[in-house]
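J.: Return atomic coordinates for the entry below.
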Amino acid sequence: MRTIEASELMINSDGSIFHLHLKPEDIADTVILVGDPARVNLVTSYFDDVELETNNREFVSKTGRYKGKRFTVLSTGIGTDNIDIVLNELDALANIDFTSRTVKPQVKSLNLIRMGTSGALQPDIPVGSTVMSDISIGFDGLLNFYANRNKVSELDIEDAFIKHMNWNAQLPNPYFVAASNKFSKLIGNEVIHGMTISAPGFYAPQGRVLRLPLQDADLLAKIESFRFNGKCITNFEMESSAIAGLALLMGHHATTICTIIANRYVKAANTDYKNAVENMIKMGLDKLIQL
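T.: Numbering: from 1, shown residues only. Have a look, this model is predicted:
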């Protein structure tokens, strides 16, 4: 059995994992991921109790109970590069013996759900609604660094999208990964179901122009017009693709739900979106206790 070297699995002197500062016993089987560290407190404000709290950089985490079910809430910060850290360290906490530095013989599957904010890409998706990412599309290229990337990707949609976009060879190849249908069945018609792009930036990768022009001036129009078996791309955000892809490779169950705070098609936005996010969180928690 392979021993994982100290330079590969970095463990702090207190026995916690390097970035998250969590120990294996600290995490629940169901983990809610939020981008904003302040949103950890918002989610846990509904909890019956909080048993532990830790923070390091943008990674703030609390574990406690909501209506009797144990949850961990963890902030990831922005971007799929942070998700690479978070997913690998959560998986290590669940599935690696920190004493022997070996993979445990029985692999545990975690339930991972991102609760975030997003921008809609279709005119019929109103600001304030919630979208579930049944398919997540990575513009970031992260999954391309891992073996077996194609085994967890929806290659037929990927190929059609690359042709439709006339994809620039200088960009990372996009990847398409399905969320766990476990969550789709659980949450059902409480949300809008769609395909979500995770962009590696907020401005040009999402078609925004301030002072610098876009490499592809028609980026948004081409994304909005893409169709595959009657399905369209519904929204932009910045983390769901890495969550879906890494979770599927590792054997975890994952999905993303996001509150729509802007509609890029109709040029509408709402920066005062706290109530809508709170409604999403309460709905999500009440569904997740059924797991």
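J.: CA only for contacts and neighbour counts going forward, please
T.: Will do.
J.: Centroid-nearest residue for this protein?
T.: Per Cα atoms, centre = their mean, the C-alpha nearest to the average position across the chain is that of residue 240, at 3.1 Å.
J.: Report the separation between it and residue 288.
T.: Going from residue 240 to residue 288 by Cα to Cα, to the nearest Å gives 18 Å.
J.: returning to what we had before: for the residue nearest to the centre of the chain, what are its contacts?
T.: 80, 114, 133, 136, 137, 138, 196, 197, 198, 255, 256 (Cα atoms under 8 Å, 6 or more residues apart in numbering).
J.: Mind jotting down where the helices sit in the chain?
T.: For the chain, the helices defined by DSSP state H occupy 37-44, 80-95, 155-165, 181-187, 219-225, 240-250, 274-288.
J.: just checking, which of the ones you listed comes out with the lowest mean pLDDT?
T.: With a mean of 91, helix 181-187 has the lowest mean pLDDT of the helices of the chain.
J.: List the pairing partners of the helix or strand bottoming out on mean pLDDT in the chain within its sheet, with orientation.
T.: In the chain, no helix or strand scores lower on mean pLDDT, DSSP states H and E than strand 268-269, which sits at a mean of 84. If you go by DSSP bridges, strand 268-269 pairs up with strand 253-263 (antiparallel).
J.: picking that back up, between the helices of the chain, which one is closest to residue 64.
T.: Shortest distance between residue 64 and those, using Cα to Cα, is found for helix 37-44: 7.7 Å.
J.: What angle do helix 274-288 and the closest one make with each other?
T.: Put simply, helix 37-44 runs at 50 degrees to helix 274-288, going by axes from the mean of the first three to the mean of the last three Cα atoms, to 10 degrees.
J.: so how far is helix 37-44 from its chain's centroid?
T.: 16 Å (Cα atoms, centre = their mean, to the nearest Å).
J.: C-alpha coordinates for it, PDB please?
T.: The C-alpha trace of helix 37-44 is given here as PDB (Å, rounded to 0.1, in the frame of the first residue of the first chain):
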ATOM      1  CA  PRO A  37     -16.700  33.300   4.500                       C
ATOM      2  CA  ALA A  38     -19.400  35.600   5.900                       C
ATOM      3  CA  ARG A  39     -22.000  33.200   4.500                       C
ATOM      4  CA  VAL A  40     -20.900  30.500   6.900                       C
ATOM      5  CA  ASN A  41     -22.400  32.400   9.800                       C
ATOM      6  CA  LEU A  42     -25.600  33.000   7.800                       C
ATOM      7  CA  VAL A  43     -26.000  29.300   7.200                       C
ATOM      8  CA  THR A  44     -25.200  28.300  10.700                       C
END
